[in-house]
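In: Provide a 3D model corresponding to the input given below.
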Amino acid sequence: MGLGLYAWLLAVLLLQAFRAPRSPLRAIAGLGIAAIFVHSLFYNAFFEDPMTWGLIGLLALASRVPARRARPDERRVVEQEAVPV
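Out: Numbers count the residues shown, from 1 in each chain. Coordinates of the predicted model:
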């Protein structure tokens, strides 16, 4: 169970880092996470490395997409039909 969650976390982080549109900040964070993962295969401290948590936070910050607000001139005006009396 734990290994599955670990694999899921790595997959989500790397997919989030390298999906389009790519920004340099997301790519750098993804490469950093991948490098720490490979390095942690030999010293077994992926979650204890403070750089991991910093890169996860940086990736979350860089992946945040602000909601697009419609400008007043872009709003659709619903036209009402005239009802014959």
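In: quick one: low-confidence parts of this protein?
Out: 20-22, 65-85 (pLDDT under 70).
In: where do the helices sit along this structure?
Out: Counting by DSSP state H, the chain has helices at residues 2-18, 24-43, 50-63.
In: Including mean neighbour count, could those go into TSV?
Out: The C-beta positions use only the backbone N, C-alpha and C, and glycine is treated the same way. Shown next, in TSV, are the helices of the chain (neighbours: other C-beta atoms under 10 Å):
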stretch	mean neighbour count
helix 2-18	12
helix 24-43	14
helix 50-63	14
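In: Excluding covalently adjacent residues, which one is nearest to the spatially most central residue of the chain?
Out: In the chain, the centroid-proximal residue (C-alpha atoms, centre = their mean) is S63; its distance is 3.8 Å. In this structure, S63 finds its nearest non-sequential neighbour in Q16, 5.4 Å apart by C-beta to C-beta, 6 or more residues apart in numbering.
In: and that neighbour, what is it in contact with?
Out: Q16 makes contacts with 26, 30, 59, 63, as judged by C-beta atoms under 8 Å, 6 or more residues apart in numbering.
In: and which of these is nearest to G2?
Out: Closest approach between the contacts of Q16 and G2, by C-beta to C-beta: L59, at 22.0 Å.
In: how about the nearest residue to the closest one once chain neighbours are set aside, what does it touch?
Out: In space, and not counting its chain neighbours, L59 is closest to A29: 4.1 Å by C-beta to C-beta, 6+ apart. Going by C-beta under 8 Å, 6+ apart, A29 touches 17, 55-56, 58-59, 62.
In: could I get the residues you listed as a markdown table with distance to H39?
Out: What follows is the contacts of A29, written out as a markdown table (distance: C-beta to C-beta, whole Å):
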| residue | distance to H39 |
| --- | --- |
| A17 | 17 |
| L55 | 13 |
| I56 | 16 |
| L58 | 18 |
| L59 | 18 |
| A62 | 22 |
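In: what's L31 in contact with, if anything?
Out: Listed by C-beta under 8 Å, 6+ apart, the contact set of L31 reads A17.
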